[in-house]
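Peer 1: this is a predicted model, with the sequence first.
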Protein chains: 2
Amino acid sequence: MTQEVKRVEAAIEQAQNAKSCAIVSSGDPGIYAMAGLVFETCKLKNIAIASPFSDIDRREAGAVLVVEVVPGIPALSAGGSLLGAPLTHDFAVISLSDLLTPWEIIEQRLEAAARADFVVVLYNPKSKKRTWQLERAQKILLEYRDSQTPVGIVVSAMRDNQQVCIVALKDLHREYVDMQTTVFIGSSASSHYLDFMITPRGYAKKYDLGGDQKTK
Amino acid sequence: MTQEVKRVEAAIEQAQNAKSCAIVSSGDPGIYAMAGLVFETCKLKNIAIASPFSDIDRREAGAVLVVEVVPGIPALSAGGSLLGAPLTHDFAVISLSDLLTPWEIIEQRLEAAARADFVVVLYNPKSKKRTWQLERAQKILLEYRDSQTPVGIVVSAMRDNQQVCIVALKDLHREYVDMQTTVFIGSSASSHYLDFMITPRGYAKKYDLGGDQKTK
């Protein structure tokens, strides 16, 4: 992360010298990624910035840097697509990294998301140094969800070493998970069908998807 | 939604007649969108499907349909990028549509997300027929968050009639919102700086982003 701060500072310095400059980030730069650090740094250093959609006079004022964020495919979309459709209903996204966030806050969020039956997407589930957090998250989820709840595990989505598997929540602790992994824990409505993890769109069975092809 | 069911059934019928077929959806097909309905329908009709990453023997078995989901940029990423960086920390995504989900469940999720200090992303906040849900959501959030909490409102992200604004939570009910709008409600750590809505990466101030360029 020290490197990330240096990259952002170098980019801002370039931009202040009237050079165009881009910071490249994998996935979506806005989700747990570099865009936030750019804005945080500008705000703390009191650097005048504007959106490309801002008033033209404001953008063209000499000392204003125009900052544009180009969205990308986040890991929750890439991983979700490989699993099938785990995110067709409400979900909560939680990072298990306690480097910048106290563990108590992470645990409160896990409990809140588990109790309110969100599908839960875990970013940064494990690293070489952070080894116990995922098992603790699994225990919290097991207090509220069936032990057979489907869990999708996607390692290195869309990369050469991609791995995709779906297991029961009770077995999550046995699976290979690393820093490049995204974990999808189903809600009470999620299911495992053949190769896929599916969360249906609604709780009410309003539309009849059965054999007779009628809709109610 | 009747149309959506028909589209999916027509696509499955085409595929079963050994024709390649794609269902196109705006945003990410996996987030509150068409991918879920495809899998739900196959499961309910007991249609044998396989992932493109599945075992080759299974994929090549005659009666198996191979279903691939191609991820897209979801509205939370597109809208987030236009606002700056609202999603650099944990967030909950909730649809306010009570057509397929009982309102009590939606309300429980709003409360859980508000209490646990998630950034909250609202999909389907309002339509011509559903007019009161967003104001009710605003009231729930105001029970747990400061009235000045920044709220980003993105109408028709990346389309011709795109509109982006950032207001205080107390003023959300006064703003223009429609079915094509995504609403981003900040956490206690989010802030509004010039044109942008920013959620910092961490609660702990572990990295010094100030003038002296050192990291601790």
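Peer 2: Cool, the structure landed.
Peer 1: where do the strands sit along chain A?
Peer 2: A:49-50, A:65-66, A:84-85, A:91-95, A:119-123, A:150-155, A:163-168, A:181-185, A:191-193, A:196-198 (DSSP state E).
Peer 1: check which helices and strands the third one sits against.
Peer 2: If I follow you right, that is strand A:84-85. On a contact count with 3 or more CB pairs under 8 Å, 6 or more residues apart in numbering or on different chains; DSSP states H and E, strand A:84-85 meets strand A:196-198, helix B:34-44. Where you see a C-beta, it was placed from the backbone N, CA and C, and this is true even at glycine.
Peer 1: for chain A, name the helix or strand with the lowest mean pLDDT.
Peer 2: One helix or strand of chain A scores below all others by mean pLDDT, DSSP states H and E: helix A:56-60, with a mean of 74.
Peer 1: what lies in contact with that one?
Peer 2: Where contact means CB atoms under 8 Å, 6 or more residues apart in numbering or on different chains, the residues beyond helix A:56-60 that reach it are A:Ala50, A:Pro52, A:Val64, A:Val66.
Peer 1: before we move on, the earlier item: can you redo the strands of chain A as TSV with distance to B:Ser187, mean neighbour count and mean pLDDT?
Peer 2: Listed next are these as TSV, based on distance: least, CB to CB, whole Å; neighbours: other CB atoms under 10 Å in any protein chain shown; pLDDT from 0 to 100:
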stretch	distance to B:Ser187	mean neighbour count	mean pLDDT
strand A:49-50	22	21	94
strand A:65-66	26	16	93
strand A:84-85	28	30	98
strand A:91-95	12	27	98
strand A:119-123	16	25	98
strand A:150-155	26	24	98
strand A:163-168	31	17	97
strand A:181-185	21	26	98
strand A:191-193	31	18	97
strand A:196-198	28	26	98
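Peer 1: is it possible to get TSV of the ones you listed that adds distance to B:Thr88?
Peer 2: Shown next, in TSV, are those (distance: least, CB to CB, whole Å):
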stretch	distance to B:Thr88
strand A:49-50	16
strand A:65-66	19
strand A:84-85	26
strand A:91-95	10
strand A:119-123	11
strand A:150-155	21
strand A:163-168	27
strand A:181-185	17
strand A:191-193	32
strand A:196-198	27
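Peer 1: closest one to A:Ser25 among these?
Peer 2: Shortest separation from A:Ser25 across the strands of chain A is recorded for strand A:119-123, at 13.7 Å, computed as CB to CB.
Peer 1: right, is that closest one up against chain B?
Peer 2: No. Applying CB under 8 Å from any CB of the partner chain, one finds strand A:119-123 separated from chain B by no less than 8.8 Å.
Peer 1: ok now that strand, how far from the chain's centre?
Peer 2: 7 Å (CA atoms, centre = their mean, to the nearest Å).
Peer 1: neighbouring strands for it, and are they parallel or not?
Peer 2: Strand A:119-123 pairs in its sheet with strand A:91-95 (parallel), strand A:181-185 (antiparallel), by DSSP bridges.
Peer 1: and the angle for that strand with strand A:150-155?
Peer 2: Counting by axes from the mean of the first three to the mean of the last three CA atoms, to 10 degrees, strand A:119-123 lies at 20 degrees to strand A:150-155.
Peer 1: okay, buried residues for the least confident helix or strand of chain A please.
Peer 2: Along helix A:56-60, these residues count as buried under the neighbour rule (16 or more other CB atoms under 10 Å in any protein chain shown): A:Arg59.
Peer 1: mind listing what's buried along stretch A:3-12?
Peer 2: Using 16+ other CB under 10 Å as the test for burial, stretch A:3-12 gives A:Glu4, A:Val5, A:Arg7, A:Val8, A:Glu9, A:Ala11, A:Ile12.
Peer 1: how about it and chain B, touching?
Peer 2: Yes. Using CB under 8 Å from any CB, stretch A:3-12 reaches chain B at A:Val5, A:Glu9.
Peer 1: distance from that stretch to the middle of the chain?
Peer 2: Here the centre of stretch A:3-12 is set off from its chain's centre by 23 Å, with CA atoms, centre = their mean.
Peer 1: would you mind writing the CA trace of it as CSV?
Peer 2: The C-alpha trace of stretch A:3-12 is given here as CSV (Å, rounded to 0.1, in the frame of the first residue of the first chain):
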residue,chain,number,x,y,z
GLN,A,3,3.5,1.9,-3.3
GLU,A,4,-0.1,2.9,-4.0
VAL,A,5,0.3,6.2,-2.1
LYS,A,6,3.5,6.9,-4.0
ARG,A,7,1.8,6.1,-7.3
VAL,A,8,-1.1,8.5,-6.6
GLU,A,9,1.3,11.3,-5.5
ALA,A,10,3.4,10.9,-8.6
ALA,A,11,0.3,11.0,-10.8
ILE,A,12,-1.0,14.1,-9.1
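Peer 1: just to revisit the earlier point, closest to A:Ile23 among the buried residues of stretch A:3-12?
Peer 2: Of all these, A:Ala11 has the smallest distance to A:Ile23: 5.0 Å, by CB to CB.
Peer 1: return the residues in contact with the closest one.
Peer 2: Applying CB under 8 Å, 6+ apart to A:Ala11 gives the contacts A:Cys21, A:Ala22, A:Ile23, A:Val38.
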